[in-house]
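**Q** Just to be clear, the model below is a prediction. Sequence and coordinates:
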There are 2 protein chains.
Amino acid sequence: MLIRAATADDWPAIWSFLSGIVAAGETFTWDRDTGRERAREMWLLSPPGHTVVAVDADGTVTGSAKMNPNHMGGASHISSASFMVDPGRSGRGVGRALGEYALEWARAQGYRAMQFNAVVETNTRAVALWTSLGFEVMATLPEGFEHPTRGFVGLHIMYRLL
Amino acid sequence: MLIRAATADDWPAIWSFLSGIVAAGETFTWDRDTGRERAREMWLLSPPGHTVVAVDADGTVTGSAKMNPNHMGGASHISSASFMVDPGRSGRGVGRALGEYALEWARAQGYRAMQFNAVVETNTRAVALWTSLGFEVMATLPEGFEHPTRGFVGLHIMYRLL
């Protein structure tokens, strides 16, 4: 698996799975009706942000991640990141590889920590993955997320020093 | 004390104390060199955000607050708010009045919770005020804030249901 910087040409491939994940509204805190162009603006970041794709041996985009500062000023050493993996390609280590990449990128950029602001507590697979990569659930905001079928559930804030 | 919507005409008065608070870098996670125009863009919000000023009996602006959504999608029911009080007018209940206003505004707008993303732990006065208004320290991010004289200190995330 190769992880490389995303380009505008990757957007159709990213949108092919990102659109369904956003529309499902179960794991991601974007408006479920976010359109293609608005999503592109929010996902393909310019510096100081950074967006990458994970690519299979045959060149297929299997996942994507974006990394960015999470605060300004005295907290500007805290980064954040978001991840999307094609559900049809899950269970092959794409999410883990993207997570490891994001941590390395943040260290190389001089960040001292990474924070995830909104990890839905019912997304147990993601919580387990980030925990295995050294993140800790610092807090769970009660009723922080309205899940389309489970109603109000908790929203985790996860964090790790780099 | 009157609390009313801020207008463009209020900006010189707001900037007169906001500029010093931002430049001090002890309590606010904005870049310390944020300029006047950039600060105005970030402080005077358009809907769905809302910015107010607290005004003394003689018409002097003594403080200001901005309120806004803190997340999107399934977490869009969580609001946030930020507060600035003229240090020369502190201890007169301006911060408390602005905090109470923000909570009422958020309830009226249909939000279900309010979250503060970055309360510097050494800002004990603010922590005590928000605690007295029903907020709870949900987490303290270790080394989350670089204080200009105390070095790396914790950054609180505070939250309350409405």
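**A** That came in fine, so what should we check first? Residues are numbered from 1 along each chain as shown, chains lettered A, B, ... in the order given.
**Q** tell me what the host helix or strand of A:Ala23 is packed against?
**A** Taking DSSP states H and E as the definition, A:Ala23 sits inside helix A:11-24. On a contact count with 3 or more CB pairs under 8 Å, 6 or more residues apart in numbering or on different chains; DSSP states H and E, helix A:11-24 meets helix A:36-43, strand A:61-69, strand A:78-85. For the C-beta atoms, the positions are set from N, CA and C on the backbone; glycine is no exception.
**Q** want to throw the ones you listed into TSV with distance to A:Trp30?
**A** Shown next, in TSV, are these (distance: least, CB to CB, whole Å):
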stretch	distance to A:Trp30
helix A:36-43	7
strand A:61-69	12
strand A:78-85	9
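**Q** Please work out which of these is packed deepest.
**A** Most buried of the helices and strands packed on helix A:11-24 by mean neighbour count (mean count of other CB atoms under 10 Å in any protein chain shown) is strand A:78-85; its value is a mean of 24.
**Q** how far is that strand from where the chain is centred?
**A** For strand A:78-85, the separation from the chain centroid amounts to 3 Å (computed by CA atoms, centre = their mean, to the nearest Å).
**Q** List the neighbours of that strand that are in contact with it.
**A** A:14, A:17-18, A:21, A:28, A:54, A:62-71, A:94-95, A:98-99, A:102, A:106, A:109, A:111-117, A:126, B:141, B:144, B:155 (CB atoms under 8 Å, 6 or more residues apart in numbering or on different chains).
**Q** now stretch A:109-120
**A** Under the contact criterion CB under 8 Å, 6+ apart, stretch A:109-120 has outside partners A:26-27, A:29, A:48, A:69-70, A:77-81, A:102-103, A:106, A:126-127, A:130, A:135, A:137, A:144-145, A:147, A:153, A:155-162, B:71, B:74-75, B:117, B:141, B:143-144.
**Q** Contact residues of chain A facing chain B?
**A** A:22, A:25-26, A:28-32, A:71-78, A:112-113, A:115, A:117-118, A:120, A:138-148, A:155, A:157, A:159, A:161 (CB under 8 Å from any CB of the partner chain).
**Q** Next one: the closest residue to A:Ala13 other than its chain neighbours, what pLDDT does it get?
**A** In space, and not counting its chain neighbours, A:Ala13 is closest to A:Val61: 3.9 Å by CB to CB, 6 or more residues apart in numbering or on different chains. Here the pLDDT value assigned to A:Val61 is 97.
**Q** Which residues are in contact with A:Val61?
**A** With contacts defined as CB under 8 Å, 6+ apart, the neighbours of A:Val61 are A:Asp10, A:Ala13, A:Ile14, A:Val53, A:Ala54, A:Val55, A:Asp86.
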